[in-house]
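Asker: Provide a 3D model corresponding to the input given below.
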Amino acid sequence: MAREGAKDRGIMEWPRGSAKWWASYAGADGKMHREFGGAKSAARKLYELRKTEIREGRWFPSARRRAALFDDLVENYRTAKEREGKSIMNTAVGFNRLLDRFGGRRADSVTADEVERWRADLLAAKAPATVNRNLALLRAIMRRGARDRRIAAAAIPEIKLLKENNFRVRYLSDVEEHRLLAALPVRLRPLVIAAIHTGMRRGELLNLKWQDVDFVSGTIFVSRSKSGEGRRIPMSPTARDTLEAMRGKRRARRHLQVVDRRNASPYVFTAPRGGMEMNLARSWYPALERAELDDLRFHDLRHTFASRLVMMGVPLYEVQTLLGHKTPAMTLRYAHLSPANLRAAVARLDAPGPKPWAVKSEKVGAG
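Answerer: Predicted structure coming up:
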């Protein structure tokens, strides 16, 4: 018969009633050691792991006590995701943002108050959905660090996500579009025109290379999409004219040797000195102030593309395909913009002809 309490041997709850469990064991150095395990089951596993390490001669307490840096947790997470074959292209900016804020320090020193202040700073410049993606990335990194026993589970700060309004639809009117284009620097106008006429995301546009623009077929190939899948977008006449004009100016500059051909940027939309545009906000927000469009985000140019298509009667399925949405749910936010189509659908109720729901009354014969 098992001794009473044998199941909890080597683990203890402290403080009592706190649901915080610790593994307690005698090490190979003859001293008692105590480590925080978190939940009771986790503490039991930790105890068994340490006993196995001690028995097999793999117990090195000094190495375990070495504090893990936040940078190490980020790198371990990044490496693990690459090993699993998962794309981290869309999180590269998030990694840099996290390292800028929490890098160069112990991972277990990040507090909930610091996370809340960081969240507030992000929210001042980013949409709630973007803020939540960064918070979720931080939480995933910390949880993996605890799973790999680089930090204690209790060291993970509380990370609260924001409420999102994913169905916000803000789109430009013709007048607002003209005001925005007039307020923008000349070099950024083609970028905004392309966004309005292709529905491409900001990251997709800034990563677009000339090799992905096919003027023969009149399509743009988006190789780096948020969904992880590539897609082709047909160019409207305006989009095509804009990109052809840019290509012509690029060729003229190369012909005049203003730009060394060997160092010419492969990107369609480049920074003033060449290379990828990395700081769009520096010109974008001052332009919004001049155009008196304080409530506009760059992503709303994508909403403008979709909204205009729906208002012109383009089926939602085709809009979904052009936007690259995996499911119809995100595209349905534009459904209310096609009132003419909805009115036509409802009007069919009164159209002439037989009504499937009409039932002829039967005569009741005498009994």
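
Asker: use CA for all of it now, contacts and neighbours both
Answerer: OK.

Asker: could you give me the average pLDDT of stretch 17-28?
Answerer: What stretch 17-28 shows for mean pLDDT is 81.

Asker: likewise stretch 102-112?
Answerer: Mean predicted lDDT for stretch 102-112 stands at 89.

Asker: show me what contacts Ser24?
Answerer: Counting by C-alpha atoms under 8 Å, 6 or more residues apart in numbering, Ser24 touches Gly10, Ile11, Met12, Met32, His33, Arg34, Glu35, Tyr47.

Asker: phi, psi of the fifth one?
Answerer: As for His33, its main-chain torsions (degrees, to the nearest 10) stand at phi -130, psi 150.

Asker: swap in the third one?
Answerer: Main-chain dihedrals, Met12, degrees, to the nearest 10: phi -150, psi 150.

Asker: from what I can see it touches Trp21, true?
Answerer: Yes: here Met12 reaches Trp21: they are 5.5 Å apart, a contact under C-alpha atoms under 8 Å.

Asker: Of the contacts of Ser24, which is the most crowded?
Answerer: Ile11 (25 neighbours; other C-alpha atoms under 10 Å).

Asker: Helices - which of the contacts of Ser24 land there?
Answerer: Tyr47 (DSSP state H).

Asker: can you give me the helices in the stretch 251-367 of the chain?
Answerer: 281-291, 300-311, 316-323, 328-331, 339-347 (DSSP state H, counting those that start in this stretch).

Asker: The longest one - contacts with which helices or strands?
Answerer: In other words, helix 300-311. helix 189-198, helix 316-323 (3 or more C-alpha pairs under 8 Å, 6 or more residues apart in numbering; DSSP states H and E).

Asker: So for that helix, mean pLDDT?
Answerer: 92.

Asker: Let the chain start at 21 from now.
Answerer: I'll keep to 21 as the first residue from here, and by that count the last item is helix 320-331.

Asker: buried sites along that helix?
Answerer: For helix 320-331, the neighbour count (16 or more other C-alpha atoms under 10 Å) marks Asp320, Leu321, Arg322, His323, Thr324, Phe325, Ala326, Ser327, Arg328, Leu329, Val330, Met331 as buried.

Asker: quick one: secondary structure of the closest residue in space to the fourth one that isn't next to it in sequence?
Answerer: The one in question is His323. For His323, ignoring the flanking residues on the chain, the nearest one in space by C-alpha to C-alpha, 6 or more residues apart in numbering is Tyr191 at 5.5 Å. Classification of Tyr191 by DSSP: H, G, I helix; E, B strand; the rest coil places it in coil.

Asker: For Tyr191, list the residues it contacts.
Answerer: Asp320, Leu321, His323, Thr324, Ser327.

Asker: if you set the cut-off to 6 Å instead, what comes out?
Answerer: Counting by C-alpha atoms under 6 Å, 6 or more residues apart in numbering, Tyr191 makes contact with Asp320, His323, Thr324.

Asker: Could you do Lys229 as well?
Answerer: Pro286, Tyr287, Val288.

Asker: Name the nearest residue to it, sequence neighbours excluded.
Answerer: Lys229 sits nearest to Tyr287 (C-alpha to C-alpha, 6+ apart), 4.3 Å away.

Asker: quick one: that neighbour from Met255, how far?
Answerer: For Tyr287, the distance to Met255 equals 18 Å [C-alpha to C-alpha, to the nearest Å].

Asker: What of Arg164?
Answerer: In terms of C-alpha to C-alpha, Arg164 sits 43 Å off from Met255.

Asker: go on, Asp261?
Answerer: Taking C-alpha to C-alpha as the measure, Asp261 falls 9 Å from Met255.

Asker: which one of the two has more residues nearby?
Answerer: Met255 (20 against 13).

Asker: For the more buried one, give me the pLDDT.
Answerer: For Met255, pLDDT reads 95.

Asker: can you pull out the strands in the stretch 121-270 of the chain?
Answerer: 233-234, 239-242, 251-254 (DSSP state E, counting those that start in this stretch).

Asker: winner for burial among those strands?
Answerer: Across the strands of the stretch 121-270 of the chain, the average number of neighbours (mean count of other C-alpha atoms under 10 Å) peaks for strand 239-242, which reaches a mean of 20.

Asker: so what strands line up beside that one?
Answerer: Strand pairing for strand 239-242, determined by DSSP bridges: strand 233-234 (antiparallel), strand 251-254 (antiparallel).

Asker: Ser193 and Arg222, how far apart?
Answerer: For Ser193, the distance to Arg222 - C-alpha to C-alpha - is 20 Å.

Asker: neighbour count winner among the two?
Answerer: Taking other C-alpha under 10 Å, Ser193 and Arg222 do not tie; Arg222 has more neighbours (17 against 11).

Asker: what number of residues lie near the residue nearest to Lys229?
Answerer: Neighbour tally, Tyr287, other C-alpha under 10 Å: 19.

Asker: Could you do Leu300 as well?
Answerer: Around Leu300 there are 13 residues (other C-alpha under 10 Å).

Asker: Now do the phi/psi pair for it.
Answerer: Backbone torsions of Leu300, given as degrees, to the nearest 10, read phi -70, psi -30.

Asker: What distance do you get for it to Tyr287?
Answerer: Leu300 is 15 Å from Tyr287, by C-alpha to C-alpha.

Asker: for stretch 97-106, what is the average pLDDT?
Answerer: 79.

Asker: what about dumping the CA coordinates of it to PDB?
Answerer: What follows is stretch 97-106, C-alpha atoms only, in PDB (Å, rounded to 0.1, in the frame of the first residue of the first chain):
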ATOM      1  CA  TYR A  97      11.500  31.500 -30.400                       C
ATOM      2  CA  ARG A  98      12.600  32.600 -33.900                       C
ATOM      3  CA  THR A  99      14.800  29.500 -34.400                       C
ATOM      4  CA  ALA A 100      12.100  27.200 -33.200                       C
ATOM      5  CA  LYS A 101       9.500  28.600 -35.600                       C
ATOM      6  CA  GLU A 102      11.900  28.400 -38.500                       C
ATOM      7  CA  ARG A 103      12.700  24.800 -37.600                       C
ATOM      8  CA  GLU A 104       8.900  24.100 -37.500                       C
ATOM      9  CA  GLY A 105       8.700  25.500 -41.100                       C
ATOM     10  CA  LYS A 106       6.500  28.400 -40.100                       C
END
